[in-house]
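1. let me see the structure of the following:
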Amino acid sequence: MTPPVVILCGGRGTRLQADVPDLPKPLVEVGGRPILWHVIQIYASQGLRRFLLATGYKAELIQDFVERETWPEGVTVACVDTGLDTPTGGRIAKLGRAPGLGLAEGTFLATYADGVADVDLARLRTFHARHGRLASMTVVRPHLQFGVANINGSDEIVGFDEKPRSEHWINGGFFAFEPGALDYLTDSSTLEREPLEGLAQDRQLRAFRHTGFWDCMDTYKDAVLLNDLWEQGRAPWKVWG
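-> As a prediction, this is how the structure comes out:
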């Protein structure tokens, strides 16, 4: 049996609201399909079958999309309303307590509804199983928004790098958790703060390095970029047939 996949779908997407005021961020389209559909396809095409959507803001619109969509054979997608203003960690905590969802019974995966990548989920799951800690977080080195000037010791600009990769690794989502990680979560916790910081302090969080494509739809500019890649047939996250 494959582990369940939690997708965090409850945020307001405030940076996108001015451009798409009537939609929650998971339903903003890339290539004519909600970005949430793309995220589910990334997992489903790699053998994951059970999806739990932690909804909140405009949950009824996401529920309506799920009910209307035809999912691949064997795939189930269920919406669980985790509250309008619940932070990311709190949404997972509520799912962890919910009867019948199985998060407290074994390994589960989690991700955001706005990030796409050509991540190898089998490698992530193997990495997580082998190190034996409570959590794994996929980390990425994103391309910088601006070009970088190369300056020598005499303050001469000797060249430019157009939007190079960051030297630092950041949280790219695509998590794997053991049930024990739920002990680090409360209904009021933001996943990226105390829970992950606590897991790291206790040496229970390992980094799965992804060096391929990764992007998230944080702003309207990001949505335009992802749509351009899709329309040009150059969408690296399209790992399905």
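2. Asp114 reaches Met217, doesn't it?
-> Yes: using CB atoms under 8 Å, Asp114 makes contact with Met217 at a distance of 4.5 Å. All C-beta atoms are positioned from the backbone trio N, CA, C, and that covers glycine.
3. joint contacts of those two?
-> Lys25, Ile35 (CB atoms under 8 Å, 6 or more residues apart in numbering).
4. any regions of this structure where pLDDT drops low?
-> Residue ranges of the chain with pLDDT under 70: 15, 17-19, 155, 163-164.
5. which residues touch Leu229?
-> Leu229 neighbours (CB under 8 Å, 6+ apart): Ala235, Pro236.
6. so it, which state does it fall into?
-> Per DSSP: H, G, I helix; E, B strand; the rest coil, the secondary structure class of Leu229 is helix.
7. quick check: buried residues in the longest strand seen in the chain?
-> Longest strand in the chain by number of residues, with DSSP state E as the criterion: strand 170-177. Neighbour-count burial for strand 170-177, with 16 or more other CB atoms under 10 Å as criterion, is recorded at Asn171, Gly172, Gly173, Phe174, Phe175, Ala176, Phe177.
8. name the helices or strands packed onto it?
-> strand 108-112, strand 115-117, helix 121-131, strand 135-140 (3 or more CB pairs under 8 Å, 6 or more residues apart in numbering; DSSP states H and E).
9. any chance of those in a markdown table, plus distance to Ser189 and mean neighbour count?
-> Shown next, in a markdown table, are these (distance: least, CB to CB, whole Å; neighbours: other CB atoms under 10 Å):
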| stretch | distance to Ser189 | mean neighbour count |
| --- | --- | --- |
| strand 108-112 | 14 | 24 |
| strand 115-117 | 20 | 24 |
| helix 121-131 | 21 | 15 |
| strand 135-140 | 14 | 23 |
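10. farthest-apart pair in the buried residues of strand 170-177, please.
-> Pairwise distances across these peak at 15.3 Å for Gly172 and Phe177 (criterion: CB to CB).
11. got the residue ranges for the strands in this structure?
-> Counting by DSSP E, the strands of the chain are 5-9, 29-30, 33-34, 50-55, 76-81, 108-112, 115-117, 135-140, 148-151, 157-161, 170-177, 205-209, 214-216.
12. rewinding a little: adjacent strands (with direction) for the longest strand of the chain?
-> Strand 170-177 has the following strand partners under DSSP bridges: strand 108-112 (antiparallel), strand 135-140 (antiparallel).
13. quick check: angle from it to helix 121-131?
-> Strand 170-177 runs at 70 degrees relative to helix 121-131, counting by axes from the mean of the first three to the mean of the last three CA atoms, to 10 degrees.
14. and strand 170-177, how far from the chain's centre?
-> How far strand 170-177 lies from its chain's middle: 7 Å, per CA atoms, centre = their mean, to the nearest Å.
15. next one: stretch 196-216
-> With CA atoms, centre = their mean as the basis, stretch 196-216 stands 12 Å off its chain's centre.
16. likewise stretch 45-62?
-> 12 Å.
17. out of the helices and strands packed on strand 170-177, which gets nearest to Gly31?
-> strand 115-117 (11.0 Å).
18. pairing partners for that closest one, with directions?
-> strand 214-216 (antiparallel).
19. what lies in contact with the partner strand?
-> Under CB under 8 Å, 6+ apart, the answer for strand 214-216 is 112, 114-117, 119, 140, 142, 172-173, 222, 225-226, 237.
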